[in-house]
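Engineer: predicted structure and sequence below. I'll ask about it afterward.
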Amino acid sequence: MNFIKSLVLGLTLSLASLAAFAAQINLNSANAAQLETLNGIGAAKAEAIVAYRTEHGGFKSVDELANVKGVGLKTVEKNRDQMTVATK
């Protein structure tokens with residue numbers, strides 16, 4: 001019985017990890033509405049992120065998000081696990 005419980009727990013954790021990865025927002029391709037789903041990012045900041053990305057050719061790291069006016073390191077840290085800068 002313990003084996004089955006361990007197996008179920010392991011599968012549950014694996015699926016949760018996959019869901020978290022799949023739900024990541026790509027800072028280099030997300031539109032403003034998608035960016036607004038991040039904690040502390042409203043419409044104005046989302047538009048500023050899109051403008052920054054357009055002007056600078058995309059983000060090289062999640063940390064670069066703090067360079068956007070109105071977005072600070074605290075916002076980056078709160079959302080770090082929800083963001084990526086993956087290229088397609």
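Structural biologist: Yes, it's here. Since the structure is predicted, the reported quantities are computational estimates derived from the model, not experimental observations. Numbering: from 1, shown residues only.
Engineer: now do the strands in the chain.
Structural biologist: Along the chain, the segments classed as strands by DSSP state E run 25-26, 83-84.
Engineer: sheet partners, orientation included, of the first one?
Structural biologist: Okay, so that is strand 25-26. Looking at strand 25-26 with DSSP bridges, its partner strands are strand 83-84 (parallel).
Engineer: run through who's touching the partner strand.
Structural biologist: The contact list for strand 83-84 (C-beta atoms under 8 Å, 6 or more residues apart in numbering) reads Gln24, Ile25, Asn26, Leu27, Leu38, Val62, Leu65. Every C-beta, even on glycine, is put in place using the N, C-alpha and C of the backbone.
Engineer: make it 10 Å
Structural biologist: 21, 24-30, 35, 38, 59, 62, 65, 76 (C-beta atoms under 10 Å, 6 or more residues apart in numbering).
Engineer: want to throw the residues you listed into CSV with distance to Ile49 and pLDDT?
Structural biologist: Conversion of the contacts of strand 83-84 to CSV gives the following (distance: C-beta to C-beta, whole Å; pLDDT from 0 to 100):
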residue, distance to Ile49, pLDDT
Phe21, 21, 47
Gln24, 15, 95
Ile25, 10, 97
Asn26, 12, 97
Leu27, 7, 97
Asn28, 10, 96
Ser29, 12, 95
Ala30, 8, 97
Leu35, 5, 98
Leu38, 9, 97
Phe59, 9, 96
Val62, 12, 97
Leu65, 7, 97
Val76, 11, 97
